[in-house]
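1. Here's my sequence, what's the structure:
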Amino acid sequence: MLFNLFAGLFAITLFTSASFASTSPPADQMSPEAAGELGKVSIVVTGRATDLIGSATAASEGIVGKVDLDDRPIQRIAELLEVIPGFIATQHSGGGKANQYFLRGFNLDHGTDFAAFHDGVPVNMRTHGHGQGYLDLSFVIPELVESVSFAKGPYRAENGDFATAGAARFKTVDTLDAPFAKAEIGAGDYNRFVAAGSTKLAAGDVLLGVEARYDDGPYDLSQKVRLFSGFAKWTGPLGGGTLRASATGYRVDFRSSEQIPLRAIESGRIGRFGFFDDDLGGETTRIGAVLNWTDNSPAPLNLLAYAHHYDFRLTSNFTYFLDNPVDGDEFEQRDRRTVVGGRIDKRFDADVVVPIEVLVGAEGRYDFVDRVGLYRTASRQVLSTVREDEVNERSAAMFAEVTVRPMSELRAMLGARVDAYRFDVDADLAANSGEDSAAIFSPKASIAYTPFEQIEFYANYGRGFHSNDARGTSINIDPNTGGGADRVDALVAGTGYEGGVRARPLPGLTLTGTYWWLDLASELLFIGDGGTTEAQGPSKRRGFELGAFYQPAPWLTIDTEYTKSRGRLSDLPDAGNWIPGAIEEVIAGGFVAKYKQASLTMRLRHFGSYSLIEDNSVRADPLTIINARAKYQIGSVELAADLLNVFDAKDNEIEYFYASRLPGEPAGGIEDRHVRPIEPRQLRVSAKVTF
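-> Model (predicted):
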């Protein structure tokens, strides 16, 4: 049924394109006066309306700009990643921790095989207390994001650790046209305030922004999210180039209503938004600084240096009284570290028989993790230490890409990347201490063929990787059981292939299609009774993606996308080789329409049923949700209303299948689906004043 819905949306896009092609001038040819005669105003779209034919290296690459981002109704900052076709960001816990991510048949947990960067700085945390590659974007102020660029697959040499399924880069604005203040309120005692502005300082411009938010949420256990985020940035000339110096500060504390057993809801023991442990929650602090210098020459040199301090604490309880029938299974994870790193790269052109474009670079990172630990707790009081470690993890990489144009309609890109890692683990249990090192070589290749100005074909190959938790490289004894434990490979390779097409049959209309496959040497799966991930065997994934974006007139944009994937564990028999939590189908689409001072946005998001267990005998229910945003401009005041979950869907945002034990249940627990319901329909209204 949902495939038919996508087909309908796709047909509407094409029908609209045909109608406007025959009745109206193309959007990029219509004058402002003509738009005014229609009683509409022009939508300035940056990114998705850009013609990438002739510059992109894959059909699955793209960029989305600020205006488009500002028009999207979102519940959480990480949902900005859903501008990537097929990407899903959900939450299984409180509103103050990283989201759960899904893309291309991956249950990415909190970021294991997807990399994100903020002004060039890697956001993923390696050897993190809660999960490898932990990707928390909550510190980002969405109003200050200028663009989100993305590249799926391991095809770009500049993307390293965690970028097997893909990578996204958030770029912040340098300046604002005018300062603003915005206040927002909503259901569940939701209160948010944002203010930002820029002014001249010395020879450059300084930008300052702050965000403060409080949110109880709709769940029976009030989330009590208290968040503060600050951002400062100076942009100005220096030594024949441009220097961008920025600083971020972020603090959040919250209570958490996690996934709950379905049997407790169906029996009436608790409601859909109920809970069993009111001690759950956490806190995070992040303080960082970035220096980025780029020269102004035609062959730019880019220098990046960064440092940040990070402190994390999270209390969880997924199995209740399964392991400890007296005190319960509550546990706490902690992570405190300082990260320093940098990057240098240079782009230049040359003529060697044929024109070539070259990118060369190097980067390094050092994580000083002075405390990463797991503790058994009750009422947030530590009962015992499972393990507590100090870890030093450092890496260095070199990369290069060479793009050759043997003829005007053909581009070929060859790339390579070499990464070297060093792990030093000082564990509280001496047998689990140790040092290790590893290196990996990742070749890349892409071809783009443009037989006509309006169409381009792509073929891509690449090898990527994700690192594993450093503690797994030196482990000998399982701290939970006291038995022996197997070490994991430090670096896990993934090999991807892709073929695609991008077409612009009409001005303003972009169609994309992609078929891809990705083989991973080792899979990381969620383990419910430990609240962690565990390395499994190799896996294979296949899938295709279809997308359409159309701006038929200056006042209207329409987009729709459909993605389908199939993932299997390669070393298991066919009857039991499904990858738990791997979403198989995603449909998304929407429109933005503007009329004089008013605008309306509607977005559809759907993901289909997916397996929760290797034999596919238990499957999650699908989710379908529609969000809407309406805005009206009155002079310098913008009034907006977001209606989230317009039709009050009762679907589940996330599901798992594992054993847990509630009071009075058998000692061995009961295997069951554990769900977190999607938040009910809620209205948020805001007023933004520009000065």
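2. What are the buried residues along stretch 258-271?
-> Neighbour counts over stretch 258-271 (16 or more other CB atoms under 10 Å) mark 258-261, 264-265 as buried. Quick note: C-beta positions are derived from backbone N, CA and C, even for glycine.
3. Count the neighbours of residue 245 for me.
-> 17 (other CB atoms under 10 Å).
4. so how far is residue 293 from it?
-> Look at residue 245 and residue 293: by CB to CB, to the nearest Å, they are 9 Å apart.
5. what stretches of the protein score poorly on pLDDT?
-> The chain contains residues with pLDDT under 70 at 1-47, 524-535.
6. what secondary structure does the spatially most central residue of it sit in?
-> When CA atoms, centre = their mean is applied to the chain, the residue found nearest the centroid is residue 81 (4.8 Å). Three-state assignment for residue 81 (DSSP: H, G, I helix; E, B strand; the rest coil): helix.
7. And it, how close does it get to residue 113?
-> Remark: distance between residue 81 and residue 113 (CB to CB) = 14 Å.
8. next one: residue 628
-> 32 Å.
9. got it, and residue 394?
-> From residue 394 to residue 113 the distance is 22 Å (CB to CB).
10. What of residue 619?
-> Distance from residue 619 to residue 113, by CB to CB: 22 Å.
11. Follow the chain on from the helix or strand harbouring residue 496 and name the next helix or strand.
-> Element membership for residue 496 (DSSP states H and E) is strand 491-503. Moving toward the C-terminus from strand 491-503, the next helix or strand (DSSP H and E) is strand 509-520.
12. Tell me which strands that next one pairs with, and in which orientation.
-> strand 491-503 (antiparallel), strand 539-553 (antiparallel) (DSSP bridges).
13. can you pull the buried residues of that strand?
-> So strand 509-520, judged by 16+ other CB under 10 Å, has buried residues 509-514, 516-520.
14. ok, now stretch 267-286?
-> Across stretch 267-286, burial judged by 16+ other CB under 10 Å covers 272-273, 275-277, 279-286.
15. okay if I get those as JSON lines plus secondary structure?
-> Converted to JSON lines, the buried residues of stretch 267-286 look like this (three-state DSSP):
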{"residue": "272", "secondary structure": "coil"}
{"residue": "273", "secondary structure": "coil"}
{"residue": "275", "secondary structure": "coil"}
{"residue": "276", "secondary structure": "coil"}
{"residue": "277", "secondary structure": "coil"}
{"residue": "279", "secondary structure": "coil"}
{"residue": "280", "secondary structure": "coil"}
{"residue": "281", "secondary structure": "strand"}
{"residue": "282", "secondary structure": "strand"}
{"residue": "283", "secondary structure": "strand"}
{"residue": "284", "secondary structure": "strand"}
{"residue": "285", "secondary structure": "strand"}
{"residue": "286", "secondary structure": "strand"}
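16. Export those as TSV, with columns for distance to residue 387.
-> Shown next, in TSV, are the buried residues of stretch 267-286 (distance: CB to CB, whole Å):
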residue	distance to residue 387
272	36
273	34
275	28
276	26
277	22
279	21
280	21
281	22
282	19
283	21
284	21
285	23
286	24
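17. Determine how far the last residue of stretch 428-435 lies from the first.
-> 15 Å (CA to CA, to the nearest Å).
18. Quick check on residue 429: phi, psi?
-> phi -100, psi 110 (degrees, to the nearest 10).
19. change the start of the numbering to 3 and stick with it
-> Got it, the first residue is 3 from now on, which makes the last one we talked about residue 431.
20. ok, now how distant is it from residue 151?
-> For residue 431, the distance to residue 151 - CB to CB - is 44 Å.
21. got the residue ranges for the helices in the stretch 53-202 of the chain?
-> Ranges of helices in the stretch 53-202 of the chain, per DSSP state H, counting those that start in this stretch, are 68-72.
22. if you count what's nearby, which of residue 621 and residue 115 comes out ahead?
-> residue 115 (30 against 17).
23. Isn't the more buried one up against residue 166?
-> Yes - under the criterion of CB atoms under 8 Å, residue 115 makes contact with residue 166 at 4.5 Å.
24. any shared contact partners between the two?
-> 468, 496, 522 (CB atoms under 8 Å, 6 or more residues apart in numbering).
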